[in-house]
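Participant: build me a model:
(one chain, ligands or ions: 1)
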Amino acid sequence: MASPTPTPLLQRAAVLPPPDTATPPAFEVKDFSLWYGSSQALADVSLGIPARQVTAIIGPSGCGKSTFLRALNRMHEVTPGTRIVGSLRLFGEDLYARGRDAADVRRRVGMVFQKSNPFPTMTIADNVLVGLKLNGVRDRALLQERLENSLRMAALWDEVKDKLARPGISLSGGQQQRLCIARALAVEPEVLLMDEPCSALDPIATAKIEELIQQLRERFTVVIVTHNMQQAARCSDRTAFFYLGRLVEFSTTRDLFTNPANPQTEAYVSGRFG
Ligand SMILES: Nc1ncnc2c1ncn2[C@@H]1O[C@H](COP(=O)(O)OP(=O)(O)OP(=O)(O)O)[C@@H](O)[C@H]1O
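Facilitator: Numbering: from 1, shown residues only. Reported below is the predicted structural model:
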């Protein structure tokens, strides 16, 4: 098979360090399929997503990237008529086991969406603390500590520490997205899912979020859906390429972009389709 034409994207991926392969997987996905009504969106997906690494999901529009991401915290269940087959484990625990609470799964597996969505009537502080307060946490010292820690982890503390009582929506688009990241982190998840988190942001705000993703991987497992292959190459340790609801290839980001095993992957990463 011919190698893909070298491009700056591939060169960038080529200098990424090889990921640590000794880390046990966070998610173990086995023969996983998903239907919306009678329409199948995912077919027989199997992969292990490593803990404390960044895994990017790429592929052309409609290939099932967001559906797969949403299945990782059962968020697809908010759409009526969905059905799954197969298994999906987080650190060995079956996330779809009978009796397992979807709300508990979503606390462990937080999510940030394409468009930032702070609660419009809430202050910056309340936007961060809303999950804790809904869970009945009232201890002021604990709330204050979580507020500051979450905002620091989201690289927003210095910008907002003097205006915590202002509305969340008074922040810029990039700051609002980091506020949503802080909100997801405040409930101390194990995993952070990000669905096109930068697609509504300008290049400077995008660079900040990408830098933040690099910091978050020291503590969390991060899975990011992106249309932007440069972003996958810049930020991720591993990349999964989906096509027509199937996982075509999953490997280190370096290998996937510089030496893909599958001709469809090669065609996609070298820009020949999608
Ligand atoms: N709520 C839904 N109801 C019915 N079908 C859906 C729903 N959401 C997604 N689908 C279908 O499932 C398939 C996968 O969609 P999905 O949004 O996961 O793809 P994607 O790769 O994330 O696409 P994009 O890059 O355009 O966001 C598509 O055929 C889509 O039409």
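Participant: which stretches in the stretch 51-200 of the chain count as helices?
Facilitator: 65-71, 102-108, 124-134, 140-153, 157-160, 173-186 (DSSP state H, counting those that start in this stretch).
Participant: wait, residue 108 touches residue 184, no?
Facilitator: No: with contact defined as CB atoms under 8 Å, residue 108 does not reach residue 184; the gap is 11.3 Å. (Glycine included, C-beta is placed from N, CA and C.)
Participant: more neighbours: these two, which one.
Facilitator: More crowded of residue 108 and residue 184, by other CB atoms under 10 Å: residue 184, with 25 against 16.
Participant: re the thing from before, out of the helices of the stretch 51-200 of the chain, the one nearest the ligand is which?
Facilitator: The closest of these to the ligand is helix 65-71. By CB to the nearest ligand atom, the value is 3.2 Å.
Participant: off-centre distance for that closest one?
Facilitator: Remark: helix 65-71 is offset 10 Å from the chain centroid, using CA atoms, centre = their mean, to the nearest Å.
Participant: ditto for stretch 139-158
Facilitator: 21 Å.
Participant: so where's the stretch 151-274 of the chain uncertain?
Facilitator: Within the stretch 151-274 of the chain, the set of residues satisfying pLDDT under 70 comprises 274.
Participant: where along it do the strands fall?
Facilitator: Assigned by DSSP state E, counting those that start in this stretch, the stretch 151-274 of the chain shows strands spanning 191-195, 221-225, 238-243, 246-252.
Participant: output those strands in JSON lines; the columns should cover distance to residue 258 and mean neighbour count.
Facilitator: Formatted as JSON lines, the strands of the stretch 151-274 of the chain follow (distance: least, CB to CB, whole Å; neighbours: other CB atoms under 10 Å):
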{"stretch": "strand 191-195", "distance to residue 258": "24", "mean neighbour count": "24"}
{"stretch": "strand 221-225", "distance to residue 258": "20", "mean neighbour count": "26"}
{"stretch": "strand 238-243", "distance to residue 258": "11", "mean neighbour count": "25"}
{"stretch": "strand 246-252", "distance to residue 258": "9", "mean neighbour count": "19"}
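Participant: reformat these as TSV; add distance to residue 74.
Facilitator: Listed next are the strands of the stretch 151-274 of the chain as TSV, based on distance: least, CB to CB, whole Å:
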stretch	distance to residue 74
strand 191-195	11
strand 221-225	14
strand 238-243	19
strand 246-252	19
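Participant: show me the contacts for the closest residue to residue 91 other than its chain neighbours.
Facilitator: In space, and not counting its chain neighbours, residue 91 is closest to residue 26: 6.3 Å by CB to CB, 6 or more residues apart in numbering. Shown in contact with residue 26 (CB atoms under 8 Å, 6 or more residues apart in numbering): 49, 50, 51, 52, 90, 91, 190, 191, 221.
Participant: can you count the residues close to the first one?
Facilitator: Put plainly, it is residue 49. Other residues close to residue 49 by other CB under 10 Å number 21.
Participant: secondary structure element holding the spatially closest residue to it that is not a sequence neighbour?
Facilitator: Nearest non-adjacent residue to residue 49, counting by CB to CB, 6+ apart: residue 27, 4.0 Å away. Residue 27 belongs to strand 25-36 when assigned by DSSP states H and E.
Participant: does the ligand sit close to that strand?
Facilitator: Yes: for a cut-off given as CB under 6 Å from any ligand atom, strand 25-36 has contacts with the ligand, namely residue 36.
Participant: give me the buried stretch members for that strand, please.
Facilitator: Going by neighbour count (16 or more other CB atoms under 10 Å), the buried part of strand 25-36 is 25, 26, 27, 28, 29, 32, 33, 34.
Participant: quick one: pLDDT of the spatially closest residue to residue 77 that is not a sequence neighbour?
Facilitator: Take residue 77 and drop its neighbours on the chain: the residue closest to it by CB to CB, 6+ apart is residue 102, 5.9 Å away. pLDDT recorded at residue 102 is 95.
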